[in-house]
Every structure is written in structure tokens, then in C-alpha cells.
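Engineer: Sequence and computational prediction follow.
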Amino acid sequence: MSTFAKNQMAGQTTGTHNSPFGHVAPSGSQAPAPHLDDRVAQAVKDGAAVVAASPKPERYADRAVGIDVNAPIDPSSETMARICTALKTDILAALNLSASGHPGGSLGMTDVFATLWFGGHMSVRPHEPDWNGRDRFILSNGHICPVLYAILARRGFFPRDVLWTLRQLGSPLQGHPDFHFTPGVDACTGSLGNGASVALGQALGLKLQGIDARVYVGSSDGEVQEGQIWEMASAATHHGVDNLTVMLDRNGIQIDGFTKDVMDQGDLGQKFAAFGWHVQDVDGHDRGAIHTALKTAKAIKGRPQMIICHTVLGKGVSFMENKPGWHGVAPDDDQLDEAIAELESA
């Protein structure tokens, strides 16, 4: 258990209630609960301690040292390839430490999300995460949050050492995104279908306020089995929400197996097009094609955009690729070392 978690539990025994908006101390309580910055600061210490105590600290090495992530990076460049490798190794190392989580979709969508966040599409201020003029990103299939956390750390929303506290009690990086505690997260997600609806609401809100910003959504073919997604799709078209772009992971796999066996969805592109969306299909591992699709989506006026990203679950790690069993199982130590070696040799 982390030091922060112990402090949290000690505070609770004295009647202190932790609140995402600061602290709420009922009458008779003396010590306030930690604020957001305290939570992150403690996670940095705990994460650094993990690396220091590891018999193989090289697992946690930064494989993209020296890359300037504040300027747009050519998605087809070797620099972007290095970033993707670094993200994937960070994802796997964090999951190994947590002994639980979802590697398959996280690895599969790394190319897509790296292009979005490092290719010049997302307007954000890591030092000012609540800047009102920022673009928003909502990971509606929140269980693949390891890839989001790895990206946020590399963009500078919090130090990389926080990654090594993934899913630990008291960590700001929980098993599903929580905007109360994690800088750079714009919505609490995980209950499939809800995040995309929240994204629609945020996109509408930006328009009503006259703020020229976009909302990007990460979703998946498993998630769109939820009826709420199609309510969102209908409403987004009705209101002409053209500052909303959804990137859908079409890997054909969900927790119970292949989507064609669990619930065959047919041609998702045709379905969203029938709802009035602008639809593009791309190879989810062709970063140049993803970059072009994002630029095309931004130019569309009067309707929302869907980019269907055809990906391979577990991309880059051969023993994980296209295997449903790796939807939600963390790699053990030997598997981690094997995966990192393969990613570094690619």
C-alpha cells in the first residue's frame, strides 16, 4: 500500500472526507484531506520508489528522451515511431506493476492517439489543464486508459513516475479515467456508452459559449453495442454538432471474444453514415492516413465525424496480437521483458 493510501485511510478514521473540489471537513475534524497536487506529488514519490527498488529498472527507462513534444511531430517520421514505442513500453510496464488492466486495446490504439496528441491536432496547455479554450478528449471506452495516461505523462500533465502507481489505492491513475484526480482527463468514463454522450454535451456546450474548440472521442466496436451510443449519434446529427470527432477502434474483439460471434455489427460505417455522420475508414496503424483523416474531419461543417480505425489488438507484441484473452490481462514479468524486447527490436 502506498504512503498516500495509508495517509488517506488515517485521515478517514478521524472523520475527514476527501472531495474532488478540495476538502470537506465535518464538525470535529481537524486535518483536511489532501488536495489534488498532494495526491500527484505522493504518486511521484511512490513511483520513483518502485523504480529504485526494481531488480530491472531498465523496464521503466524513458525510450523517447530528448524529443520535443510541444511542437507538432510528423506522424510518419521516425520520431513519432519512437514515441509510439515509448508509449507502449510505458503502458506494459505500468500494467505489469498493477497486475491488472487492459493491454490489448491500449496497444492497438497507440498509433491513433499518438497522432492526435503529438501530430498537431490537440490544442491543450499541460501547465493549465483546465484552460477553457482547450480541445477536449474523452476516452469513452475508459478501460484502455493506460494509453491515455502514458500520453498525458509524456505531454507533461504529470511526471512519468506517476505511471508506476497505476490502479494503486490513492493513485490519481485509476482503472478508469477520473477527471477529479487526473490532470488532462476531461470526463469520468468506463460505463460503456456514457462517455460519448458526455462528449456530445461538451461539444454542444462549447458551441453555445462561442468557444472555438473541438471534442475528440475514443470509442470501440464493443462499446457501440450499447444503445446509448446510437441515441448520441442521432442527437449529434440533429443538432449539427460539427466540432465532435469520434475515433472508433475496430479491432473486432471484446471481452467475451470476437465481436462477430458476440454480436455481429455488420458495416458500422454504413450505419453511422445512415445516421448522418461523415464517415472515414482508415488503417489504425498508418499514422499518415490517420493524420489526413483528422485534418479532413476538422474541415467538415454541419455534422459530426466518425473515423473508423481498423486496428490489431495488442499491436506490436506478437503473442498478444488479435487474441481476445489479452483484452484485459496484465503481462507477468517474463511476458513484460519479452514484449519490451520485441517492441525495441521492431
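Structural biologist: Okay, I see it.
Engineer: which stretches of the stretch 1-150 of the chain form strands?
Structural biologist: For the stretch 1-150 of the chain, strands defined by DSSP state E, counting those that start in this stretch occupy the ranges 17-19, 22-24, 136-139.
Engineer: Grab the nearest non-local neighbour of the residue nearest to the spatial centre of the chain.
Structural biologist: Ranked by distance to the mean C-alpha position of the chain (C-alpha atoms, centre = their mean), the top residue is L148 at 2.6 Å. Spatial nearest neighbour of L148, excluding adjacent residues (C-beta to C-beta, 6 or more residues apart in numbering): L139 at 5.2 Å. In this view, the C-beta of every residue, glycine as well, is placed from N, C-alpha and C.
Engineer: residues near that neighbour, how many?
Structural biologist: 26 (other C-beta atoms under 10 Å).
Engineer: pLDDT value on it, please?
Structural biologist: Predicted confidence (pLDDT) for L139: 98.
Engineer: how about it, what does it touch?
Structural biologist: C145, L148, P177, T189, G195, V217, G218 (C-beta atoms under 8 Å, 6 or more residues apart in numbering).
Engineer: what's the nearest residue to the third one if we skip its chain neighbours?
Structural biologist: Counting by C-beta to C-beta, 6+ apart, the nearest residue to P177 once its immediate chain neighbours are dropped is V185, at 4.5 Å.
Engineer: per-residue confidence for the one you found?
Structural biologist: pLDDT for V185: 96.
Engineer: Sketch out the low-pLDDT regions of the chain for me.
Structural biologist: Applying pLDDT under 70 to the chain flags the ranges 1-36.
Engineer: just to revisit the earlier point, can you confirm the residue nearest to P177 is in a strand?
Structural biologist: No - with DSSP: H, G, I helix; E, B strand; the rest coil as the criterion, V185 is located in coil rather than a strand.
Engineer: Tell me, how many residues neighbour it?
Structural biologist: 26.
Engineer: so it touches F179, yeah?
Structural biologist: Yes - between V185 and F179 there is a contact under C-beta atoms under 8 Å: 4.4 Å.
Engineer: from the chain's centre, how far out does the longest helix seen in the chain sit?
Structural biologist: The helix spanning the most residues in the chain, taking DSSP state H as the definition, is helix 78-98. Per C-alpha atoms, centre = their mean, to the nearest Å, the displacement of helix 78-98 from the mean C-alpha position of its chain is 13 Å.
Engineer: hmm, back to that, closest one of the contacts of L139 to M80?
Structural biologist: Nearest to M80 among the contacts of L139, counting by C-beta to C-beta, is L148 at 17.5 Å.
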